[in-house]
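*Asks:* sequence below, structure please.
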Amino acid sequence: MAKFGFKEINQQNWLEPDEAIKVFVKISPDGKPQSMSGEDWLQPILTPKLLEAVPQDVQALFEVARGALLYGYFFYPLYTLAAQQLFRLTEAAVSHKCKALGAPNSKERFAEKIRWLANKGVIPETDIPAWDAVRKLRNSASHPERQSIITPGMAIGLLERVTEQINDLFNRA
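*Replies:* A predicted model of the protein is given here:
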């Protein structure tokens, strides 16, 4: 670790797992903790998939987020950047859905688009708090005062939730 609290990349360490990742362990069949390898992180990151109905632009943003998550093994702050990408792709998905359904051009803000889709019955009222949470996190990430760092588990959990939200969005009218 260096002066920033995370790995400073150089010619010697750029292909080495980040030291911060070594605190995450799995329990071996004999009940002993062991460090997780890069391969151990593949399954939970590669499992979530967007439906074919999701616009390609959104799918491309999604793949960038998953790629950043995978490479977080080598540079821990990429988990945070991946989460921020997930916030942006969620907004892009909402914008695509609004456009496809003919939302008025006056619906420019993310919050307005969420509310418009809810009024159209595309987003169930019970799901609005989850959509608003992503919107608020997106706002916070877009205006940072300092570098934030999140754990791989938090980022992977967000990946799973966002994938479900976006798939639901494009599985409805």
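
*Asks:* now do the contacts for the residue nearest the centre of the chain.
*Replies:* Central residue of the chain (C-alpha atoms, centre = their mean): residue 86, 3.2 Å from the mean position. Listed by C-beta atoms under 8 Å, 6 or more residues apart in numbering, the contact set of residue 86 reads 65, 134, 155, 158-159, 162. No exception for glycine: its C-beta is placed from N, CA and C like everyone else's.

*Asks:* got any ranges where this protein has weak pLDDT?
*Replies:* 1-2, 173 (pLDDT under 70).

*Asks:* looking at the contacts of residue 86, which has the most residues close by?
*Replies:* The residue in those with the most neighbours, by other C-beta atoms under 10 Å, is residue 65 (26 neighbours).

*Asks:* which parts of the helix or strand containing it are buried?
*Replies:* Element membership for residue 65, per DSSP states H and E: helix 56-71. Neighbour-count burial for helix 56-71, counted by 16 or more other C-beta atoms under 10 Å, picks out 58-59, 61-62, 65-66, 68-71.

*Asks:* looking at those, which is nearest residue 39?
*Replies:* residue 70 (10.5 Å; C-beta to C-beta).

*Asks:* element containing the residue lying closest to that closest one once chain neighbours are set aside, please.
*Replies:* Once flanking residues are discounted, residue 70 sits nearest to residue 45: 5.6 Å by C-beta to C-beta, 6 or more residues apart in numbering. Here residue 45, judged by DSSP H and E, is contained in helix 38-46.

*Asks:* okay, the angle between that helix and helix 56-71?
*Replies:* If you take axes from the mean of the first three to the mean of the last three C-alpha atoms, to 10 degrees, helix 38-46 sits at 160 degrees to helix 56-71.
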